[in-house]
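Participant: pasting the sequence and the predicted coordinates here, then a few questions.
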Amino acid sequence: MNQRPEEHDNASSIESLLPIDDHIEEGHDSEGRKVRHKGIYLLPNLFTTANLFAGFYSIMCAINGNFTVAAATVFVAMVLDGLDGRVARMTNTQSAFGAEYDSLSDMVAFGLAPAIIAYQWALSELGNVGLTIAFIYVACAALRLARFNTQIGVVDKRWFIGLASPAAAGLVAGVVWALSDNGVGAVDLPVVVIMLFAVLVALAGMLMVSNVKYYSFKDLDLKGRVPFVAILVVVLAFAVVFSDPPRILLLMFLVYAVSGPVQFVLRKRQAKQ
């Protein structure tokens, strides 16, 4: 039976709303000629999707009051975030789509998730002040990611300008994990301690949008040969972290966050001499 014209028009309208067309991305080949690539790379975007899910799951856990899992999941998201970039570079599957998707996933995992964890765990005790501080962190994370995307290929890759959003998230989530792992909640803390935590969250946000330089570790050669003792050091490092993950990871991210301002002050003093 022939399809009536109005049925054909309706079917066409429905199909036009469905994402059935392949993604087409323009790029350049090795000789600089403009080429068009159809579709997206699956492997690195799988890790990015896992990173996005980790951020989403962390938010759900925070809303349900499971702060230990919520904070720990932020660190899982960090591992996944590191893997998607490494996999893309190792397999030569970088793309503009992947970069944008990665930034959106990072905004959820390292922008929204830590802010919601901090607010649900303690900042809500401060009322509108706590809500404002949580929003400041989210806004700074968004600005940090936007600035990072515009500086790719412009600044020295050995350095981050401002504290990276995963490191800021590790600082905030690390405090929550270290305390909630011992059963300590906002109701158990004096107001002074909650206010200090609020200052920490605000400082983490401000460091993200600052001009303080942080070492990025991107110039490390992970594919080359290393001395045998290097493997031993890595094994010992894993052993130390797994001996007490909440507190060891918090200490690591705290030292990293402080390293930027300390180096900034030292460089200023050397410039005056």
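Facilitator: Received the coordinates, thanks. Numbering: from 1, shown residues only.

Participant: contacts and neighbour counts: CA atoms only from here.
Facilitator: Will do.

Participant: can you give me phi and psi for Gln120?
Facilitator: phi -70, psi -30 (degrees, to the nearest 10).

Participant: can you verify my assumption that it contacts Asn66?
Facilitator: No. Applying C-alpha atoms under 8 Å, one finds Gln120 not in contact with Asn66, separated by 10.0 Å.

Participant: more crowded one of those two?
Facilitator: Neighbours were counted for Gln120 and for Asn66 using other C-alpha atoms under 10 Å; Gln120 has more, 22 against 17.

Participant: which stretches of the protein have low pLDDT?
Facilitator: 1-41, 153-154, 219-224 (pLDDT under 70).

Participant: again, 50 this time
Facilitator: Counting by pLDDT under 50, the ranges of the chain that qualify are 1, 11, 14-15, 20, 28-29, 35-36.

Participant: so where do the strands sit in the protein?
Facilitator: All strands of the chain, identified by DSSP state E, fall at 24-28, 34-38, 159-161, 213-215.

Participant: number of nearby residues for the nearest residue to Arg158 once chain neighbours are set aside?
Facilitator: With C-alpha to C-alpha, 6 or more residues apart in numbering as the criterion, Arg158 has its nearest non-adjacent residue at 5.2 Å, and that residue is Ser216. Residue neighbour count, defined by other C-alpha under 10 Å, stands at 15 for Ser216.

Participant: how far away is Ser216 from Ala230?
Facilitator: From Ser216 over to Ala230 the distance is 20 Å, taken as C-alpha to C-alpha, to the nearest Å.

Participant: now what about stretch 198-209, what contacts it?
Facilitator: With C-alpha atoms under 8 Å, 6 or more residues apart in numbering as the test, stretch 198-209 has contacts from 118, 123, 130, 133-134, 136-138, 140-141, 143-144, 162-165, 168, 171-172.

Participant: what do you get if the cut-off is 6 Å, keeping everything else the same?
Facilitator: Applying C-alpha atoms under 6 Å, 6 or more residues apart in numbering, the contact partners of stretch 198-209 are Ile133, Tyr137, Cys140, Arg144, Gly162, Leu163, Ala168.

Participant: among those residues, which pair sits farthest apart?
Facilitator: Based on C-alpha to C-alpha, the longest span within the contacts of stretch 198-209 runs between Ile133 and Gly162 and measures 18.6 Å.

Participant: relative to Trp177, how far out is Asn128?
Facilitator: Taken as C-alpha to C-alpha, the span from Asn128 to Trp177 is 24 Å.

Participant: please say which of these two ends up with more neighbours.
Facilitator: Between Asn128 and Trp177, Trp177 has the larger neighbour count (other C-alpha under 10 Å), namely 27 against 11.

Participant: was I right to think that one contacts Ala71?
Facilitator: Yes. Between Trp177 and Ala71 there is a contact at 5.4 Å, judged by C-alpha atoms under 6 Å.

Participant: how much space is there between the residue lying closest to Ser58 once chain neighbours are set aside and Val129?
Facilitator: Take Ser58 and drop its neighbours on the chain: the residue closest to it by C-alpha to C-alpha, 6+ apart is Ala70, 4.2 Å away. Separation of Ala70 from Val129 (C-alpha to C-alpha): 23 Å.

Participant: residues contacting the residue nearest to Ser58?
Facilitator: So Ala70 contacts Ser58, Cys61, Ala62 (C-alpha under 6 Å, 6+ apart).

Participant: Thr91: which of those residues is nearest?
Facilitator: For those, the nearest to Thr91 is Ser58 (29.4 Å; C-alpha to C-alpha).

Participant: now for the closest one, how many residues are close by?
Facilitator: 31.

Participant: also Pro261?
Facilitator: 18.

Participant: same question for Ala271.
Facilitator: Ala271: 8 neighbours (other C-alpha under 10 Å).
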